[in-house]
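[1] sharing a model that was predicted from the sequence below.
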Number of protein chains: 4
Amino acid sequence: MKRVGIVGAGGYAGIEVARCILGHPELELVYAASDSQASVKLSEAYPALSGHCDLAFSPLDADEIVAKCDVVFLAVPHTASLALTPQLVEAGLLVVDLSADYRLHDPAEYEDWYGVEHTSPGLLASAVYGLPELHRDALVALQDADERLIACPGCYPTASALAAIPVLEAGLWAGGTVISDCLSGVSGAGRKLVRSSMFCSAAESASAYGVAKHRHTPEISQTLSEAAGTTVPVVFTPHLAPFKRGILATVYLQVQPGHRVERFQEVYEARYADEPFVTVLPQGIMPQVASVQGSNGCHIGLALDSRTDMLIVSSAIDNLDKGAASQAVQAANIALGFDEQAGLQCMLPAVV
Amino acid sequence: MKRVGIVGAGGYAGIEVARCILGHPELELVYAASDSQASVKLSEAYPALSGHCDLAFSPLDADEIVAKCDVVFLAVPHTASLALTPQLVEAGLLVVDLSADYRLHDPAEYEDWYGVEHTSPGLLASAVYGLPELHRDALVALQDADERLIACPGCYPTASALAAIPVLEAGLWAGGTVISDCLSGVSGAGRKLVRSSMFCSAAESASAYGVAKHRHTPEISQTLSEAAGTTVPVVFTPHLAPFKRGILATVYLQVQPGHRVERFQEVYEARYADEPFVTVLPQGIMPQVASVQGSNGCHIGLALDSRTDMLIVSSAIDNLDKGAASQAVQAANIALGFDEQAGLQCMLPAVV
Amino acid sequence: MKRVGIVGAGGYAGIEVARCILGHPELELVYAASDSQASVKLSEAYPALSGHCDLAFSPLDADEIVAKCDVVFLAVPHTASLALTPQLVEAGLLVVDLSADYRLHDPAEYEDWYGVEHTSPGLLASAVYGLPELHRDALVALQDADERLIACPGCYPTASALAAIPVLEAGLWAGGTVISDCLSGVSGAGRKLVRSSMFCSAAESASAYGVAKHRHTPEISQTLSEAAGTTVPVVFTPHLAPFKRGILATVYLQVQPGHRVERFQEVYEARYADEPFVTVLPQGIMPQVASVQGSNGCHIGLALDSRTDMLIVSSAIDNLDKGAASQAVQAANIALGFDEQAGLQCMLPAVV
Amino acid sequence: MKRVGIVGAGGYAGIEVARCILGHPELELVYAASDSQASVKLSEAYPALSGHCDLAFSPLDADEIVAKCDVVFLAVPHTASLALTPQLVEAGLLVVDLSADYRLHDPAEYEDWYGVEHTSPGLLASAVYGLPELHRDALVALQDADERLIACPGCYPTASALAAIPVLEAGLWAGGTVISDCLSGVSGAGRKLVRSSMFCSAAESASAYGVAKHRHTPEISQTLSEAAGTTVPVVFTPHLAPFKRGILATVYLQVQPGHRVERFQEVYEARYADEPFVTVLPQGIMPQVASVQGSNGCHIGLALDSRTDMLIVSSAIDNLDKGAASQAVQAANIALGFDEQAGLQCMLPAVV
């Protein structure tokens, strides 16, 4: 059993990491930091954990993490990871960072979009972007690495990338701007008390936000460009939708003319045939957010508008799971040499 | 007082027309046909009308409509209007058709997308597409016309067109495929008992449907092309979202380079300055579906992605009102020479 | 036209009063106080009002109210009305108080349940409890009164009282504890940012709160006792339910044995036959919250458990309208000598 | 591994049994009958199961069940179990019946409330009512029984019984009618296409149904009477509330005067101290439906209205799990000699 700590455990992503660890056969939750809820039991803050967990939140203490933990998950806002990660990596822990701090390879781009200087650019080279479907080999290589840092993908980038990677890798993309139009459930805004996350603001409504300026844009572009082998310009529009958990991405890619939709269907099915958590739905079936809620799964469906040679790919994930916590555990499983599905198989999503 | 009949009054759009008429100072509801609910009171089928309306549904009888009504609203599936409209127009009634049967100018396109022959193509020339913001003059001209037929726009085409018209008219569009990515509330699927409209299917979920083949595609393209003065290719993706009423359209248009967002903001504000039901929100504010529910309003917000010269326009309407019933009343008001806002002003949307 | 001011206009009840006034033929909104949102336009805080209202919130200033207004609605927390009301009543305004400060006739009971001293007990004698269905005569008498103060009923007391009054007045109640088990939409908790009002807390859930200690308990008991002519002990349990607006009350009353349900149905129908806003549904039909949302209506249905002689009465209202804002306008209409339905007729609820 | 069959596997309770079996270490799903969906894959009907299950629905064939299965779960409407159960029990299978057919001990009462004759009253004596918290010993005794039939409790009876049992067993109940006022999520109405289960009917609304005549009334009364050792009259009012899964029961019991709330809190905590799936929340905390969704847990909170000596107990369960499928597995685990928690531990509920 590896001993696990979570920083930012009181937030939605952090507590979802806790939920994953509590059901994991090889990981034991020994530490959960939340400055704002220190000494409160996890099960008081989240009554769903009553009877499942007796731990209380601790105030953040990096030395205690080093002393107690083999693995640490950082579910913190950007810059908070910059402050913590170097010490934890150096101490030999596997650091699984759910923040944005080590996702972008180019520190200048980080500074452009996040408005702060990157204080440990040296770690960027060793950080592995934790999308197993694209970087499994690099995650495996962490098993023998000295510096072990996983930069977990953002929720929108995960859904967008899984939707776009196969056609980009297959060389069928015709260029132009790729559009990712996404819906997110309200938990995507986190646990903080903001007006747009109120029931009376969000229920029976929907709206776009962060249009043309959301920080996930360069991350999506970076991953799509890696898959394409060339720069892929991206326009990304997030929307708030009235469900608690989940992301639905609709990705528009101009493709080479002359192909039938069956060609693309084959490309997608072949690409994900061996991926345990990605399901390409039969031609004509589109994914539903509810089908993946509470699980590490990603469902994908696609259609071709042959009048305009536009491929439209729809993907659904749970923003807190495949978009955050359970994907972090999936990546950690690989980096620790465990079965990649350990602790994630029994997370069957609810069927109704 | 003009006497009004509604055909298909038992469905969601039809009963919403009834709600509009019941609050209208110049129109009196005298007839409501619903074969499936004949002899049931409107207030039994829709308890919200208890105390507001004593009428019962009648079985459909075209002769009775001609005898009793000055104006008839057809809230029927496509082809049902083909069967009824010629007789009603010939009898001198103002026919306000909410179906798709007289929207497309080209009967061949109708047959392509709807899979049936158009049986009264002669009426297409006189039918006025009832989007007041684009065709007000033609609606005014109906006041003195012999044949009086309004083909009311579809819900998605209304939201998409209002979002795109200003930039197309202004000559700032740079060509390419225009993408309209839309969310609709569940009432958009109508009152019929289908699995995807069940609470347990729709709540806490979302999904795309009809991708690359929805019948509103040629209608959107037709209207955008009229505004642009040239053919505008359109890709349209509708999504089902978990709210009862409303549409949120996100429209992507490649624009001429070199302009700042303020330029587009001015174009939109100028275009809609005199429109009583269209509100262009301040720069940086995006529309929320809840702001227009239960009203004839349309809210519009826009952003420019200057890296890619992509204009992103977001528009919100109530699919049953501005997307169907209240817009039909607005168009009828004009065609009847009433104040365009008659009966629609007190439909202040709920603020919470 | 009477000039209207609203204090606490930025909250949910206050802004709903504004919505009612904006559609009222005899009332003009001239002043809206909100210290926390001073100088913000109402339509910025509530985009649904865009195009309907150009007013901005003012900081609270009692002298300004006296100078500008004929009528003032106080949509404030308890004790805030104690501080304001005496001055405004003395200045001759009609004060329509939506707070709890003048509802309980006995200042000692106020102090018991609200934990503060009542600082103007002298006004309690002249305050009229603004439930038109029970106190219409007293409201009419305000037309010629010197002190004009309406203490508007709470939302739960309105729903509970309308459900219980007929059987209590008819002498069919058999005594014992009356139970009122209620659901409220999330707007009942107001606009403030609290965890239980977050979408991720409230959606797909429900819970009881304030059990055995909610402050509406003595108010319900007071009104039921007035109707019964004797003290009626009440147990009241509120629940939070995942809708935005509305209250559903289920009231349990032990009744005299030997009667059939038809007897109670007749009592209810007779009691409310002339009430414009109360609808007794046909025997066997139970009210739905959605049927009254956005309106001043109250729907009532009842059943008799003849095995136990328990009458079960279900009533539905919109907590922000019949439970607050529109009922306040209804009461004010009477006190001002207007048509009781003025401004409230066109608030037809949405039918879907 | 025991081989499991499910009859009525296409409905909500049946497919939830499948979800439980798919994650169970000792049970293997080999057969799933659904006449209406025969030959459709479970994962086509319920895409959430994609990648988790390759089985297709079979047409119902009792001989096939006997040949293939050791255990069979019947998730069927009442009377369908009457037709199947005798043969399956006689063939030696463990029959876990989720229908109502063997719940009431008295066949006359069954006929009164269900309107049909009970065709196998002889089996009623051996059927064990599968509420482990009340009948664990009888379930254990099934391990060595010849006839092995578990009559699983209804969803409302489970929530109501767990709320009332401790105070009834402790002799603190003062008599009178016990009221159980319950909310159910929409899945409680099953998968069939009915108007009240439509999104546009159920969302943003709530209503009572089956008032004073719901068939769970005698079942609740029977279980409460067993706990009390005397007849307990029950009034039961179910409500439909806008969430997918879950029941919230509010139970009102007149109690002996002179006790403080702490006394009742102790009684409840002691009663459930060793129950793995029942959590008594700390005094003052009330259960939330969301805390138990997707799990076999039951959360309980209580308050005392000392003015009226009324104990108010609130309990929350997932109607499809503790109220149906997972409770059936829990009972089967006991009857099969497995760890009672087998397959149910990893069903940690979602925390957001």
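    Sure, I can see it.
[2] convert stretch A:226-243 to CSV, retaining C-alpha atoms only.
    The C-alpha coordinates for stretch A:226-243 follow below in CSV (Å, rounded to 0.1, in the frame of the first residue of the first chain):
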residue,chain,number,x,y,z
GLU,A,226,1.4,17.3,-30.7
ALA,A,227,-1.1,14.9,-32.2
ALA,A,228,-1.1,16.6,-35.6
GLY,A,229,2.7,17.1,-35.8
THR,A,230,2.0,20.7,-36.7
THR,A,231,0.5,23.8,-35.1
VAL,A,232,-3.3,23.6,-34.7
PRO,A,233,-5.1,26.9,-34.2
VAL,A,234,-7.9,26.5,-31.7
VAL,A,235,-11.0,28.5,-30.9
PHE,A,236,-12.5,27.3,-27.6
THR,A,237,-15.9,28.3,-26.2
PRO,A,238,-16.9,27.0,-22.8
HIS,A,239,-20.5,27.1,-21.6
LEU,A,240,-22.1,26.6,-18.2
ALA,A,241,-24.9,24.1,-18.3
PRO,A,242,-27.3,23.1,-15.6
PHE,A,243,-26.0,19.7,-14.5
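[3] quickly check: that stretch near chain C or not.
    Yes - applying C-beta under 8 Å from any C-beta of the partner chain, one finds stretch A:226-243 in contact with chain C at A:242-243. (Glycine included, C-beta is placed from N, CA and C.)
[4] A:Met198: what's its closest spatial neighbour, skipping adjacent residues?
    In space, and not counting its chain neighbours, A:Met198 is closest to C:Ser197: 5.6 Å by C-beta to C-beta, 6 or more residues apart in numbering or on different chains.
[5] then A:Ile65?
    What sits nearest to A:Ile65 in space, not counting adjacent residues and going by C-beta to C-beta, 6+ apart, is A:Gly5, at 4.9 Å.
[6] looking only at pLDDT, what's the mean for the helix or strand hosting that neighbour?
    Assessed by DSSP states H and E, A:Gly5 sits inside strand A:2-7. The average pLDDT for strand A:2-7 rounds to 98.
[7] list the buried ones in that strand?
    With burial defined by 16 or more other C-beta atoms under 10 Å in any protein chain shown, the residues of strand A:2-7 counted as buried are A:2, A:4-7.
[8] I'd like those as a markdown table, with distance to D:Val95 appended.
    Below are the buried residues of strand A:2-7 laid out as a markdown table (distance: C-beta to C-beta, whole Å):
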| residue | distance to D:Val95 |
| --- | --- |
| A:Lys2 | 44 |
| A:Val4 | 43 |
| A:Gly5 | 48 |
| A:Ile6 | 45 |
| A:Val7 | 51 |
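[9] nearest to chain D among the residues you listed?
    Nearest to chain D among the buried residues of strand A:2-7, counting by C-beta to the nearest C-beta, is A:Ile6 at 12.6 Å.
[10] for the residue nearest to A:Met198, give me its contacts.
    A:198-200, C:186, C:189-190 (C-beta atoms under 8 Å, 6 or more residues apart in numbering or on different chains).
[11] repeat for A:His105
    Going by C-beta under 8 Å, 6+ apart, A:His105 touches A:124, A:222.
[12] is it within a helix or a strand, and which one?
    Per DSSP H and E, there is no helix or strand for A:His105.
[13] from B:Ala208, how far out is it?
    Here the criterion is C-beta to C-beta, to the nearest Å. By it, A:His105 lies 32 Å from B:Ala208.
[14] got it, and A:Ser291?
    The value you get for A:Ser291 to B:Ala208, if C-beta to C-beta is used, is 13 Å.
[15] same deal with A:Asp318?
    Distance from A:Asp318 to B:Ala208, counting by C-beta to C-beta: 18 Å.
[16] which one of the two has more residues nearby?
    Shown here are A:Asp318 and B:Ala208; by other C-beta atoms under 10 Å in any protein chain shown, A:Asp318 has more neighbours (34 against 25).
[17] let me know the closest of the contacts of C:Ser197 to A:Phe264.
    A:Phe199 (39.9 Å; C-beta to C-beta).
[18] what score does the closest one have for pLDDT?
    A:Phe199 carries a pLDDT value of 97.
[19] contact partners for it?
    By C-beta under 8 Å, 6+ apart, the contact list for A:Phe199 reads C:186, C:197-199, C:201-203, C:242, C:244.
[20] most neighbours among those residues, please name it.
    In these, the most neighbours by other C-beta under 10 Å go to C:Ala202, 29 neighbours.
[21] in this structure that residue contacts C:Lys244, no?
    No - assessed by C-beta atoms under 8 Å, C:Ala202 is found out of contact with C:Lys244, at 9.7 Å.
[22] so what sits against both of the two?
    Joint contacts of C:Ala202 and C:Lys244 (C-beta under 8 Å, 6+ apart) are A:199, C:186.
[23] the lengthiest helix in chain A near chain C anywhere?
    Assignment by DSSP state H gives helix A:155-169 as the longest helix of chain A. No - Helix A:155-169 stays clear of chain C (C-beta under 8 Å from any C-beta), getting no nearer than 14.7 Å.
[24] and that helix, what's its mean pLDDT?
    Regarding helix A:155-169, the rounded mean pLDDT is 98.
[25] packing partners for it?
    helix A:132-141, strand A:178-184, helix A:216-228, strand A:234-240, strand A:247-254, helix A:261-271, strand A:298-305, strand A:310-317 (3 or more C-beta pairs under 8 Å, 6 or more residues apart in numbering or on different chains; DSSP states H and E).
[26] dump it to PDB, restricted to CA.
    The C-alpha atoms that make up helix A:155-169 are tabulated as PDB, following Å, rounded to 0.1, in the frame of the first residue of the first chain:
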ATOM      1  CA  CYS A 155     -11.100  19.000 -18.000                       C
ATOM      2  CA  TYR A 156     -11.900  20.800 -21.200                       C
ATOM      3  CA  PRO A 157      -8.500  19.800 -22.800                       C
ATOM      4  CA  THR A 158      -9.100  16.200 -21.900                       C
ATOM      5  CA  ALA A 159     -12.500  16.100 -23.600                       C
ATOM      6  CA  SER A 160     -11.300  18.100 -26.600                       C
ATOM      7  CA  ALA A 161      -8.100  16.100 -27.100                       C
ATOM      8  CA  LEU A 162      -9.800  12.700 -26.900                       C
ATOM      9  CA  ALA A 163     -12.300  14.000 -29.500                       C
ATOM     10  CA  ALA A 164      -9.600  15.300 -31.900                       C
ATOM     11  CA  ILE A 165      -6.500  13.100 -31.600                       C
ATOM     12  CA  PRO A 166      -7.500  10.300 -33.900                       C
ATOM     13  CA  VAL A 167      -8.300  12.400 -37.000                       C
ATOM     14  CA  LEU A 168      -5.200  14.600 -36.400                       C
ATOM     15  CA  GLU A 169      -2.900  11.600 -36.000                       C
END
